[in-house]
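Peer 1: With the input below, show me the fold.
(chains A and B)
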Amino acid sequence: MLRPDKGMPTASLRLGGALEHWTERHLRYLMLAPTMLILLALTIFPSFYMFYAAVHRISPNPDLPWEFVGAGNFARLLTDAQFHVALRNTVVFTIVAVTFEFLLGLGLALLLDKFIRRLTFLKTVLMIPMMLPPIAVAITWKIIYEPQFGVLNEIMFRLGLPLQAWAGDVNLAMFSIIVADVWQWTPFIFLLMLAGLASLPVEPYEAAALDGASSWRQFWDLTLPFLKPVIAIALLLRVMDALRLFDLVFILTGGGPADRTKVLSLYIYQVAYRFADPGYAAAISLFVLFVTILLSTWFMKRMRLAE
Amino acid sequence: MATIRTRSRGREMLLRLSAYLTILVALILTLFPVYWIAANSFKFDIDIFAVPPEWLPRNPTLKHYDEAFIQRPFLRYALNSLLVAVGTTIISVGFGAMAGYALARFSYPWQWRKQISFWILSTRMMPPIVSIIPLYLFFNYFDMLNTKSALIIAYTAFNLPFATWMMKSYFQDLPVELEEAAIVDGDTRWGAFLHVALPLARPGLAATAIFCLIISWNEFLLSLIITLTEQSQTLPIGIAGRVTQYKTYWGEISAAGFMACVPIVIFAFIVQKHLVRGLSLGAVKG
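Peer 2: Numbering: from 1, shown residues only, chains lettered A, B, ... in the order given. Down below sits the predicted model:
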């Protein structure tokens, strides 16, 4: 748009005008460009590179050339017992942790929404765990779980319950990880549910109350269906994050004892850096990526999100 | 009639009481671990695992803060974290706002808008561990390992999709008429974005920035792999480095861990209104 009233010299006006005109015409692409370029460079390029790496055997010695092995690294997935353990651990962790986070988060949100609606301060306090650095959370729980002098065993002792090694115990290690994760991420579900509850319409409830519907029926027939999109988003985000669990395991158990808490991210890390086999690590990563995208696309389609 | 009313009021009271109790328990469970790391950071090593535990530090000391922040380079780590988090946030929110605005306001040929929106969100699904090996080789090739710029670039990749989506839903909620009025008054489309839409979207910008800041301040895995030197490592890596195979420096870790939480929590209280609004708009609407 030309604005000759600004008193610019004619030449620069024409030049500036042309440029402005060009920018204006292509603004829809120009505004998207930086984001698109960055994401292309940082996600599409790695994906292709990863695929390239996954069909090679890469020596830790950078001077040696990569050896083409075709589908060899993928074939290894079928027989690699450690990979199967990691996969199973990841699935168990994801299902159990997200289920508890969801039930507790929704329950708390319903309670708060019904009884103490005004106290935003209280809500913020309850949200503290999700904002903390996961590493600080991991350290905190490591101190609590410490088998000999940790505060959890002290409480067990006071209650007359048997002392446990918690994160160090073969049977309790995964449970300990889940507790820490539930502690950190229940607030996230809680927050999303509160937001969802705050936007519920009032009229259907008034109608339901007139019809004498019990609060249980109201919850089941009104609240849950209204919350469905929020629930879907919350579950999607949590499942995606649970599938890539790393920090907690890295600090709390290092994958042990006896591989009971070895999850996929940790296994990829070990394969790449401890066993110095980036080619195979790339193959496992591709598997994880494939499953995650498949799962979330299916879920988003089903829930009709992103429309 | 009267009896029924009293009975239901009694039931209501009971419900209310058990709700308060549940919330009280939730509060204690939420706060105790945070309190415990704070309390431990002020105890001497020998008192951290005292039996029975010292619920309150009996001989409070600042020894571990001295160890962590004066004798060891945790201040440096914290500064690195801050620089990386702020850098990432500025880039992500800046470009994210532009892209979000474009997706909210412009039309594109061949269903591009839908495809691009979905694609941008789908990049967020990529588990970080997946892109780490290529990113490592990439930064190695450009001699950028152990630099803060490498971290900023890597974190931007994870924050930008999220920022774009949040800003898109914000701009969609703004009435388009104000921008149209600005254009009628002689402003350009870009000018309307800059002078009208952006100021109106300030709460959205704030919420997006808060999330980018928290995510980058807390990030661990990428930093673990991309940085190895004190000059570039972030606070989470510095803390993890004190859990060694032979000894865990509990006191120092508690002090540093507590200090890593404090700015985030203070920040959260200052911006709590935006935080709730941000999540409810950005996440709920998708």
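
Peer 1: contacts and neighbour counts: CA atoms only from here.
Peer 2: OK.

Peer 1: center of the chain, which residue is that?
Peer 2: Assuming you mean chain A. The residue at the geometric middle of chain A, judged as the C-alpha nearest the mean C-alpha position with Cα atoms, centre = their mean, is residue A:241 (1.7 Å).

Peer 1: You answered for a different chain; I wanted chain B.
Peer 2: Closest-to-mean residue, chain B, Cα atoms, centre = their mean: residue B:214 / 1.8 Å.

Peer 1: which residues touch that residue?
Peer 2: When contacts are counted by Cα atoms under 8 Å, 6 or more residues apart in numbering or on different chains, residue B:214 touches A:131, B:85, B:264.

Peer 1: In three-state terms, how would it be classified?
Peer 2: Of the three states, residue B:214 takes helix according to DSSP: H, G, I helix; E, B strand; the rest coil.

Peer 1: that older thread, give me the subset of the contacts of residue B:214 lying in helices.
Peer 2: Secondary structure defined by DSSP state H assigns A:131, B:85, B:264 of these to helices.

Peer 1: can I get the CA coordinates of stretch B:154-170 in PDB?
Peer 2: What follows is stretch B:154-170, C-alpha atoms only, in PDB (Å, rounded to 0.1, in the frame of the first residue of the first chain):
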ATOM      1  CA  ALA B 154      18.000 -28.100  19.400                       C
ATOM      2  CA  TYR B 155      15.600 -26.800  22.000                       C
ATOM      3  CA  THR B 156      14.000 -24.500  19.400                       C
ATOM      4  CA  ALA B 157      13.100 -27.600  17.400                       C
ATOM      5  CA  PHE B 158      11.100 -28.900  20.300                       C
ATOM      6  CA  ASN B 159       9.500 -25.600  21.400                       C
ATOM      7  CA  LEU B 160       8.600 -24.100  18.000                       C
ATOM      8  CA  PRO B 161       5.800 -26.600  17.100                       C
ATOM      9  CA  PHE B 162       4.200 -26.000  20.500                       C
ATOM     10  CA  ALA B 163       4.600 -22.200  20.300                       C
ATOM     11  CA  THR B 164       3.100 -22.200  16.800                       C
ATOM     12  CA  TRP B 165       0.000 -24.200  17.900                       C
ATOM     13  CA  MET B 166      -0.600 -22.100  21.000                       C
ATOM     14  CA  MET B 167      -0.300 -18.800  19.100                       C
ATOM     15  CA  LYS B 168      -2.500 -20.200  16.400                       C
ATOM     16  CA  SER B 169      -5.300 -20.800  18.800                       C
ATOM     17  CA  TYR B 170      -4.900 -17.400  20.400                       C
END
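
Peer 1: Could you see whether chain A lies near that stretch?
Peer 2: Yes. Applying Cα under 8 Å from any Cα of the partner chain, one finds stretch B:154-170 in contact with chain A at B:154, B:157, B:160.

Peer 1: And the last one, how close does it get to residue B:96?
Peer 2: Read that as residue B:160. With distances taken as Cα to Cα, to the nearest Å, residue B:160 is found 6 Å from residue B:96.

Peer 1: Residues that sit against both of those two, list them.
Peer 2: A shared contact of residue B:160 and residue B:96, defined by Cα under 8 Å, 6+ apart, is any residue touching both; here these are residue A:35.

Peer 1: Contact partners for residue A:153?
Peer 2: Listed by Cα under 8 Å, 6+ apart, the contact partners of residue A:153 are A:145-147, A:163-164.

Peer 1: got TSV for these, with secondary structure and distance to chain B too?
Peer 2: Putting the contacts of residue A:153 into TSV (DSSP: H, G, I helix; E, B strand; the rest coil; distance: Cα to the nearest Cα, whole Å) gives the following:
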residue	secondary structure	distance to chain B
A:145	helix	11
A:146	coil	9
A:147	coil	10
A:163	coil	14
A:164	coil	16
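
Peer 1: For the helix or strand residue A:125 falls within, name the packing helices and strands.
Peer 2: Residue A:125 is located in helix A:120-126, with elements delineated by DSSP states H and E. Contacting helix A:120-126 under the criterion 3 or more Cα pairs under 8 Å, 6 or more residues apart in numbering or on different chains; DSSP states H and E are the following elements: helix B:2-41, helix B:250-270.

Peer 1: Looking at these, which one is packed in the most?
Peer 2: Of the helices and strands packed on helix A:120-126, the one with the most neighbours on average (mean count of other Cα atoms under 10 Å in any protein chain shown) is helix B:250-270, at a mean of 21.

Peer 1: angle of that one against helix B:2-41?
Peer 2: Angle of helix B:250-270 versus helix B:2-41, following axes from the mean of the first three to the mean of the last three Cα atoms, to 10 degrees, is 130 degrees.

Peer 1: so what secondary structure elements neighbour helix B:250-270?
Peer 2: Applying 3+ Cα pairs under 8 Å, 6+ apart, one finds that helix B:250-270 contacts helix A:120-126, helix A:128-131, helix A:134-145, helix B:2-41, helix B:45-48, helix B:63-65, helix B:235-240.

Peer 1: let's go with 7 Å and repeat that
Peer 2: With contacts defined as 3 or more Cα pairs under 7 Å, 6 or more residues apart in numbering or on different chains; DSSP states H and E, helix B:250-270 has these neighbours: helix B:2-41, helix B:63-65, helix B:235-240.

Peer 1: Now render the ones you listed as CSV, adding mean pLDDT.
Peer 2: Conversion of these to CSV gives the following (pLDDT from 0 to 100):
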stretch, mean pLDDT
helix B:2-41, 82
helix B:63-65, 89
helix B:235-240, 87
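
Peer 1: contacting residues for whichever residue of the stretch 101-250 of chain A sits closest to chain B?
Peer 2: Chain B sits closest to residue A:133 of the stretch 101-250 of chain A, with a gap of 4.3 Å, by Cα to the nearest Cα. When contacts are counted by Cα atoms under 7 Å, 6 or more residues apart in numbering or on different chains, residue A:133 touches B:218, B:261.

Peer 1: That one and residue A:217: what is the separation?
Peer 2: Distance of residue A:133 to residue A:217, computed by Cα to Cα: 40 Å.
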